Structure formats: structure tokens, C-alpha cells
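S.K.: sequence below, structure please.
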Amino acid sequence: MSEQPKESEKTIYQRDKTAKEPQTPVEKPKTPNKPKPKVKKVFVPKKTTFTTDKPMEHRVRNIRLTSEESAKMIWDILIDFQNDLAKGEMEDPDKPFHDWEKVEKFFTRLAKKYSVCQSKKLGGDLGWVYRGMTLPEQAMTPELVEEIMGLEKFVLPNPIKSKLGFHLLMICESQVHTPPEKLPEKESRPLF
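M.R.: All right, here's what the predicted structure looks like:
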């Protein structure tokens, strides 16, 4: 009878810790060298201040309310809406401008629903406001025009009190005021 081989007293992991399994080299498939994509810099709009000695005019929207409580409540709704939009992802570099357009549309809907001003049908649009303009009756006061001229674009100020009521104002656009030119009087010509 032949003897059975004896198992070694040392287990495999105790025998040689430096031994490695033989490995066959694996050839990687060759791929053409592709250039690494360059990291694109995202345009981040910087808030710049525009200063000029020339008179300015602003396109303004207005929600006029009769009580301070209702004005504060609608102002809170607008601020919450603006903050919710700002929390969104910032993939689009023009996102702040698109958000402001959405806030303006929301402001228009609120003006049509809640405002007690004559501009209600126009979504609270007061048009272009500048110092020295002829004021529409029952819509604005000289004090309100001065408040508007001190406001900043893209900022919803707290409700402003005037003798007409409480106003929520929104500066939509700003530009340098150019007075309208007087049209030359037509020359009188005979009809025949």
C-alpha cells in the first residue's frame, strides 16, 4: 500500500506571505487619445452700480392697498416667492434675470387681483416715472415719485405709505431720462 501524502502542519497563509499568484498580463484595448474636455468657466453676473449725473427714469409696477397689514402680507408672499426661486439650481448663468422676470409676472397677477389703484387693469404698471413728470390723478403723489427715484432695481422694498394708501413698488427697468422732443408745428397749406 502506498502512503497518503500528509498535509503540512502550516497552512497556506502561514507558509509564505510574500508569495503572489502568477498573473498573466492583460492587454488593454487601445483607444485613440481623446483630448480632455476643458473646464468651462461659468459667467457670473456681477452687480454693478450705474452712476450718472443725468436724470434717471424707471418703469414701475405698483400694488396699492388700503391697510398696512394687507400690504405686509402681500409683500411677504412676494419675498417668499423670490427666495424660493433663488434656492433653485444655478445651471443657467442668466438665472437671476429669469427669476426676476418670474417675480414681475407674479407681481402683475397680484396687482390685478388685489390692487385698489387705477393701474390694476394694467397689472400695476405705472409706466416710466421720472422727476418733474405730470402726475396721473389718483395714482401717484410727488412724495411717491421721490420714493421711487430712491429705489434700487431687483429689490422689493417694504410697503411705502402715502396719502393714497400703502404701496408695494417694483422697479422693472431703469434708463437715462431723455425729455420728449417737441414736435414742430405743421405748416398750414391750402387744401386745394
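
S.K.: contacts and neighbour counts: CA atoms only from here.
M.R.: Will do.

S.K.: OK, contacts around Ser115?
M.R.: For Ser115, the contacting residues are Ile63, Arg64, Leu65, Gly124, by CA atoms under 8 Å, 6 or more residues apart in numbering.

S.K.: tell me what the first one is bridged to.
M.R.: Beta-bridge pairing of Ile63, defined through DSSP bridges, involves Leu168.

S.K.: from Gly150, how far off is it?
M.R.: 18 Å (CA to CA, to the nearest Å).

S.K.: quick revisit: any idea which of the contacts of Ser115 is closest to Asn83?
M.R.: Set against Asn83, the nearest of the contacts of Ser115 by CA to CA is Ile63 (19.7 Å).

S.K.: isn't that closest one right next to Leu122, touching?
M.R.: No - contact criterion CA atoms under 8 Å: Ile63 and Leu122 do not qualify, at 10.9 Å.

S.K.: circling back to that earlier point, who has more neighbours out of Ile63 and Gly150?
M.R.: Neighbour count, other CA atoms under 10 Å: between Ile63 and Gly150, Ile63 has more, with 30 against 9.

S.K.: okay, the more buried one: pLDDT?
M.R.: Listed pLDDT for Ile63 reads 92.

S.K.: how much space separates it from Pro179?
M.R.: Separation of Ile63 from Pro179 (CA to CA) stands at 27 Å.

S.K.: can you get me a residue count around Lys36?
M.R.: 6.

S.K.: ugh, wrong one, I meant Glu152
M.R.: 16.

S.K.: could you do Ser162 as well?
M.R.: Ser162, neighbours per other CA under 10 Å, totals 15.

S.K.: on the three-state scheme, the spatially closest residue to it that is not a sequence neighbour is what?
M.R.: Spatial nearest neighbour of Ser162, excluding adjacent residues (CA to CA, 6 or more residues apart in numbering): Leu144 at 6.8 Å. Using DSSP: H, G, I helix; E, B strand; the rest coil, the structure places Leu144 in helix.

S.K.: can you pull up the most central residue in the protein?
M.R.: Note on the chain: the residue nearest the mean C-alpha position is Pro96, at 2.7 Å, using CA atoms, centre = their mean.

S.K.: OK, contacts around it?
M.R.: Ala86.
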